[in-house]
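[1] coordinates only, no sequence provided:
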């Protein structure tokens, strides 16, 4: 796994000593992580993917050359097996182990294939398919870096994007972003935001070849894991948007998982998956949310970013809360229509 991480909350808690979550297993294998500028993280991750693809394409030529250089059916089978599975995660791993074992045995034997074997071993880190992930928040993905994100998703490249949606520019002090919903109080929206939240997932779905999912960890852990595994397996661009409570919401952050669950139960946040690889005749859109069981305005009242509006601007608070609830219902109805197609 190779991670490109936008500057922000996720890079602070993901790349700061001594609590870095990115580590290795007992074989010394683990993810590679790098932090980019706030505004160009999609391009940063796209560059990582381009470099990886170029190195693997060159490696494929070496494996083809090895097959030609060694007139042995068993070696030919090893090479063909890797070439056929090089873009499959598990398949490339199994094929790589067998190919490496042969190359290490053959290395330095003095035959005509010696230089080719040496080149393959020098690039053996590229034998297993890489999982490219681009991490960032909504300020980057919805707003300041959206042009780059849109370009990368439109490219058709096999990259995965995880957006941690806090609905506000968190790391820079709580400014309103295009992800900020109606009625939420933030810097530059002190009297409550008047426009509805941008539907990033729906915009990405319009391409037709981008895997898209909206998830919420504690509301449905199985749906989250299904989305992650489907995104990883999909040979094309993937976008996962995860609801992420934030200190700027004005909540008890030790109960953030309960807040995530409440957001889904109230119909504030919806869960779905859009899988272009679903198959011919199968609806690619799956609505994973059930009908809301909680009260929308009670949920709003539990967060200071909304309750502040009621205290400071009572004359307009109820009107904006009504609009926020109506916006959420419109979004849910649009997803229902997609699910029923």
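    On my side now, so go ahead. Quick caveat, the model's predicted, so the values are computed rather than measured.
[2] what is the burial count for residue 248?
    Using other Cβ atoms under 10 Å, residue 248 has 22 neighbouring residues. C-beta here means a position set from N, CA and C on the backbone, and glycine is covered the same way.
[3] any idea how far it lies from residue 174?
    According to Cβ to Cβ, to the nearest Å, residue 248 and residue 174 sit 4 Å apart.
[4] which neighbours do those two share?
    168, 186 (Cβ atoms under 8 Å, 6 or more residues apart in numbering).
[5] what residues does stretch 34-50 touch?
    With contact meaning Cβ under 8 Å, 6+ apart, stretch 34-50 is reached by 2-8, 11, 15, 132-136, 139-140, 144-145, 148-149, 151-152, 155, 157-159, 161.
[6] same thing with stretch 64-82?
    Contacting residues not belonging to stretch 64-82 are listed as 63, 83, 92, 95-96, 98-99, 102, 111-113, 116-117, 120, 127 [Cβ under 8 Å, 6+ apart].
[7] equivalent analysis for stretch 256-266, please.
    If you take Cβ under 8 Å, 6+ apart as the criterion, stretch 256-266 is touched by 216-220, 243, 245, 249, 251, 268-271, 289, 292-296, 298-299, 302-303.
[8] if we use 10 Å, what do you get?
    Contacts to stretch 256-266, defined as Cβ atoms under 10 Å, 6 or more residues apart in numbering, come from residues 214-221, 223, 242-247, 249, 251-253, 255, 268-271, 288-290, 292-300, 302-303, 325, 328.
[9] buried stuff in it?
    By neighbour count with 16 or more other Cβ atoms under 10 Å, stretch 256-266 contains the buried residues 256, 259-266.
[10] repeat that for stretch 275-285.
    Applying 16+ other Cβ under 10 Å to stretch 275-285 flags 275-276, 284-285 as buried.
[11] quick one: distance of stretch 4-16 to the chain centre.
    Averaging C-alpha positions (Cα atoms, centre = their mean, to the nearest Å) puts stretch 4-16 14 Å from its chain's average.
[12] re the thing from before, and which of the contacts of stretch 64-82 is nearest residue 198?
    residue 92 (37.2 Å; Cβ to Cβ).
[13] what number of residues lie near the closest one?
    The burial count assigned to residue 92 is 23, neighbours taken as other Cβ under 10 Å.
[14] excluding its backbone neighbours, what's nearest it?
    In space, and not counting its chain neighbours, residue 92 is closest to residue 129: 4.4 Å by Cβ to Cβ, 6 or more residues apart in numbering.
[15] the buried residues of stretch 275-285: which two are farthest apart?
    Across these, no pair lies farther apart than 276 and 285, at 10.1 Å, counting by Cβ to Cβ.
[16] sorry, back to before: show me just the buried residues among the contacts of stretch 34-50.
    Among the contacts of stretch 34-50, those buried by neighbour count (16+ other Cβ under 10 Å) are 2-8, 11, 15, 132-136, 139-140, 144-145, 148-149, 152, 158-159, 161.
[17] and those, which of them are in strands?
    Mapping the buried ones among the contacts of stretch 34-50 onto strands (DSSP state E) picks out 2-6, 132-136, 161.
[18] what's the closest of those residues to residue 317?
    Distance to residue 317 across these (Cβ to Cβ) is lowest for residue 136, with 31.7 Å.
[19] which residue is the nearest non-sequential neighbour of residue 95?
    Excluding its sequence neighbours, the residue lying closest to residue 95 (Cβ to Cβ, 6+ apart) is residue 82, at 3.9 Å.
[20] quick one: pLDDT of that neighbour?
    If you check residue 82, the pLDDT there is 97.
[21] now swap in the one 10 residues further on and tell me
    Confidence per residue is given as pLDDT, and for residue 92 that number is 96.
[22] again, but for residue 85
    Looking at residue 85, the pLDDT reads 96.
[23] and what of the one 10 residues further on?
    The confidence metric pLDDT takes the value 96 at residue 95.
[24] buried stuff in the helix or strand where it lies?
    Here residue 95 sits within helix 89-106, counting by DSSP states H and E. Under the neighbour-count criterion of 16+ other Cβ under 10 Å, helix 89-106 has 91-92, 95-96, 99-100, 102-103, 106 buried.
[25] ok, now stretch 50-66?
    Buried residues in stretch 50-66, counted by 16+ other Cβ under 10 Å: 52-53, 56, 59, 62-63, 65-66.
[26] chain center to that stretch, what's the gap?
    Mean-position distance between stretch 50-66 and its chain equals 26 Å (Cα atoms, centre = their mean).
[27] same deal with stretch 143-157?
    On the basis of Cα atoms, centre = their mean, stretch 143-157 is displaced by 13 Å from the centre of the chain it belongs to.
[28] same check, this time on stretch 15-24
    The answer for stretch 15-24 is 19 Å, by Cα atoms, centre = their mean.
[29] picking up where we left off before, and of the buried residues of stretch 275-285, the nearest to residue 179?
    residue 285 (21.2 Å).
[30] element containing the nearest residue to that closest one once chain neighbours are set aside, please.
    Spatially, and ignoring its direct neighbours in sequence, residue 285 is nearest to residue 338 (4.3 Å; Cβ to Cβ, 6+ apart). Following DSSP H and E, one finds residue 338 within helix 314-339.
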